[in-house]
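Student: Everything below, folded, please.
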Amino acid sequence: MDLRQLRAFVAVVDAGTFTDAARELGLTQASVSRAVAALEASLGVRLLQRSTRHVALTATGTQVLAGARRVLDEVAHLHRIASQSQTELRVGYAWSALGKHTRRVQKAWAAAHPGLPLVFVQSNSLTAGLAEGTADVAVVRKALDDPRFETALLGTERRYGVVATDNPLARKRSLSLADFSRYGIAVDDRTGTTTVDLWKPGAAPAVVRNTHGVDEWLTLIAAGQAVGMTSEATASLNPRPGVAYRAVKDAPPIAVWLAWWKDEPPRYVNDLITLACDAYRA
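Tutor: You can find the predicted model right below:
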């Protein structure tokens, strides 16, 4: 048994399929399948019931899952302890960091803490790298309902509609929620900020297509296969040929939070909160 096998097992359960777990881990589906099979062989029990469409935990698998999560949390904890001796502060994000404020905050941080670089690292996970130990703090745009983490509100961002440049909506200066009803909409239900709850019953887009990360999402939209909605940060940091961003005038704003481990606040986290809040207020 090794950590690679445990990570594969947990990823399959969280993602729901071997294919989606492989995308999350950046591996092939075959390697994820082999890792889970090797874990089952080492334990001598079946952990998952497999079908062509989904996987389900066995009774034993449910118990093993809880232990696997504890082990991986402890490993992430060890990584955080070791990283405290490193000479940078890692800021995780899933999609677009701090948007148009990213460079301003980096420059202000460099002036205040010249010996401690502020490094942004992308991680398309619910905690933007915090739980995985790849980030010291994280920018999140979905409520982080996890007692292990502390959060601070940095500011809010407008929502933008995203369409192919040859879509009739691209000719409009701004959009309304009603403009989306006749189109299929692409979302990332893991780390994205768009759900059908934004629309009144019966007014939501008829088709919802799930994607995995900003690049796949933009590629689908550029091809005219869907439209999308996102934060203004995505519009600032992810221009794409064939894609047009338009403000959605009647959509609620998106809250932007900074998150960190409650029991181990990183050095100077309050300084980072202050700089980011100042940028959003400017």
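Student: what residue of the protein is the furthest out?
Tutor: When each C-alpha in the chain is compared with the mean C-alpha position (C-alpha atoms, centre = their mean), Gly44 comes out farthest, at 34.6 Å.
Student: low-confidence ranges in the stretch 51-200 of the chain?
Tutor: Low-confidence segments of the stretch 51-200 of the chain (pLDDT under 70): 81, 83-86.
Student: residue ranges of the helices in it, please?
Tutor: All helices of the stretch 51-200 of the chain, identified by DSSP state H, counting those that start in this stretch, fall at 59-83, 102-112.
Student: Any chance of those helices in TSV with mean neighbour count and distance to Ala164 as columns?
Tutor: In this view, the C-beta of every residue, glycine as well, is placed from N, C-alpha and C. As requested, the helices of the stretch 51-200 of the chain are exported to TSV (neighbours: other C-beta atoms under 10 Å; distance: least, C-beta to C-beta, whole Å):
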stretch	mean neighbour count	distance to Ala164
helix 59-83	14	40
helix 102-112	16	26
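Student: So Thr230 is in contact with Val162, correct?
Tutor: Yes: the pair Thr230 / Val162 is scored as a contact, 5.9 Å apart, by C-beta atoms under 8 Å.
Student: Let me see the backbone angles for the residue farthest from the centre of the chain.
Tutor: Summarising the backbone geometry of Gly44 under the convention degrees, to the nearest 10, its torsions are phi 70, psi 20.
Student: Look up how far Ala38 lies from it.
Tutor: For Gly44, the distance to Ala38 under the criterion C-beta to C-beta, to the nearest Å works out to 12 Å.
Student: Could you do Thr127 as well?
Tutor: Distance from Thr127 to Ala38, by C-beta to C-beta: 27 Å.
Student: Same check on Leu218?
Tutor: Distance check for Leu218 against Ala38: by C-beta to C-beta, it reads 36 Å.
Student: Ok, Ser31 next?
Tutor: Taking C-beta to C-beta as the measure, Ser31 and Ala38 are separated by 10 Å.
Student: Thr127 and Ala38 - which one has more neighbours?
Tutor: Under the criterion of other C-beta atoms under 10 Å, the comparison of Thr127 against Ala38 puts Thr127 first, with 22 against 16.
Student: Next, the contact list for the more buried one, please.
Tutor: Listed by C-beta atoms under 8 Å, 6 or more residues apart in numbering, the contact set of Thr127 reads 92, 138, 140, 144, 146, 149, 259.
Student: at 7 Å what do you get?
Tutor: When contacts are counted by C-beta atoms under 7 Å, 6 or more residues apart in numbering, Thr127 touches 138, 144, 259.
Student: Helix or strand: which one has the last one?
Tutor: I take that to be Ala259. Taking DSSP states H and E as the definition, Ala259 sits inside strand 254-261.
Student: Each with direction, which strands does that strand pair with?
Tutor: Sheet pairing for strand 254-261, assigned by DSSP bridges, gives strand 137-140 (antiparallel), strand 149-157 (antiparallel).
Student: thinking again about what came up before, kindly supply the ChimeraX command isolating those of the contacts of Thr127 that are buried.
Tutor: Selecting only the buried entries of these in ChimeraX, with 16 or more other C-beta atoms under 10 Å as the criterion:
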select :138,144,259
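Student: Mind picking the one among the contacts of Thr127 that's closest to Thr17?
Tutor: Nearest to Thr17, judged by C-beta to C-beta, of the contacts of Thr127 is Leu144 at 24.5 Å.
Student: State the distance from that closest one to Leu126.
Tutor: On the measure of C-beta to C-beta, Leu144 and Leu126 end up 8 Å apart.
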